[in-house]
Structures are given as structure tokens and as C-alpha cells.
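K.L.:
quick one: sequence and predicted model below, then my questions.
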Amino acid sequence: MGARYFALISGIIYLLIGIFGFVPGMVATPGTGGPEVVLNEGYGYLLNLFPINVLHNIVHLAVGAWGLFAYRSYIQARTYSRGLAIFYGILAVMGLLPVLNTMFGLIPIFGHDVWLHALTAAIAAYFGFKTPTPADIREHEREVVTGRSRGRF
């Protein structure tokens, strides 16, 4: 599986996560003991594990849409993977720090989100920074020559 398919699969997954965050039956009400967030709209735990709120859901939808858009070409998919690796790597570290684990009260990124963000960053780094295979290079050359992707999207 190459960077393009990683962009497609992660894009679909993040779109679904973003949509599920707006479905009341998928989100449990927050209990006591968690950090306070300023934006309480939609605040809860997706699948009773992952803290989310409306802004968090919007970020998931944006990341998912970016992944689907990036699937169209190898270079875009590699850029998406690299950006995702850096973005989610930073979020994983921020989630470990008590002063930053709610992004200044706007988006909850603590608890199970930390390992999920770290895992996403590691997988994205693999696809974003690995040496391209000969098939990836041929596909990129074809895109450059024709001026467009293979029209799979």
C-alpha cells in the first residue's frame, strides 16, 4: 500500500469519525475528573473512549476531506502524509502536557486521543517519508507528463 491508498483510507476513516462525532448515540456525556473545556458544545466521549467536541469533529472532517483530495496524486498524498505526521505528532505531545491537553480549552486532546494521535503520526510518517518505490516514481512521472492524475477520484 502506497501513500495514495494511505491518504484514501485515512481520509475515509477521519470523515467517518467526524460524522460519528455529531451522532448523539455515538457520544457519551463527559464524566467528572476530566479537564475543563471552554467550548462545551458537543463535548463528550466518542465510543465512550475519545474526548471530542464540535471543533474536534470539524478538524476530523477537514483531515478526512484533505485525505480524499490528496488521494488524486502521489505527490499530494505524500504531502498529506507528511503533514499528518507532523500535525498529529504535535497533538500527541500536547495531549501529554496538562497545560495544553485541551488546546487552551478549545479542543480536548487528552486520554485515549494521545495514543491514537501518536499511532496516526507514526503510520503517516512511514508513508510520507519512506523512499518511493519504482511504481510510485512511474506514477508520478505519468502524472507530470499527462498533467493530471489517473482519474481514479
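P.N.:
The structure has been received and is ready for your questions.
K.L.:
got phi/psi on F50?
P.N.:
Torsion angles at F50 (phi, psi; degrees, to the nearest 10) stand at phi -110, psi 120.
K.L.:
is it bridged to anything, and to what?
P.N.:
With DSSP bridges applied, F50 shows beta-bridge pairing to L46.
K.L.:
okay, now it: neighbour count?
P.N.:
20 (other Cβ atoms under 10 Å). In this view, the C-beta of every residue, glycine as well, is placed from N, C-alpha and C.
K.L.:
please apply the same query to W115.
P.N.:
11.
K.L.:
got any ranges where the protein has weak pLDDT?
P.N.:
1, 32-33, 147-153 (pLDDT under 70).
K.L.:
can you give me the helices in it?
P.N.:
Using DSSP state H, the helices of the chain run over 3-20, 54-70, 74-96, 112-129, 134-146.
K.L.:
skip the chain neighbours and tell me the closest residue to the residue sitting nearest the centre point of the chain.
P.N.:
With distances taken as Cα atoms, centre = their mean, V63 lies nearest the centre of the chain, 5.0 Å away. Setting aside the residues directly before and after it, V63 is nearest to Y14 in space (Cβ to Cβ, 6 or more residues apart in numbering), at 4.5 Å.
K.L.:
didn't that neighbour look like it was pressed against H60?
P.N.:
Yes. If you go by Cβ atoms under 8 Å, Y14 and H60 touch, sitting 5.0 Å apart.
K.L.:
for V59, give me its contacts.
P.N.:
The contact partners of V59, by Cβ atoms under 8 Å, 6 or more residues apart in numbering, come to 18, 107.
K.L.:
can you tell me how far it sits from R138?
P.N.:
Distance of V59 to R138, computed by Cβ to Cβ, to the nearest Å: 35 Å.
K.L.:
surely P98 and P35 touch.
P.N.:
Yes. P98 is within contact range of P35, at 7.4 Å (criterion: Cβ under 8 Å).
K.L.:
among these two, which residue is more densely surrounded?
P.N.:
Legend: neighbour count by other Cβ under 10 Å for P98 and P35, higher for P35 (15 against 9).
K.L.:
how close does that one sit to K130?
P.N.:
Going from P35 to K130 by Cβ to Cβ gives 36 Å.
K.L.:
which ones are touching L8?
P.N.:
Neighbour list for L8: 67-68, 71 [criterion: Cβ under 8 Å, 6+ apart].
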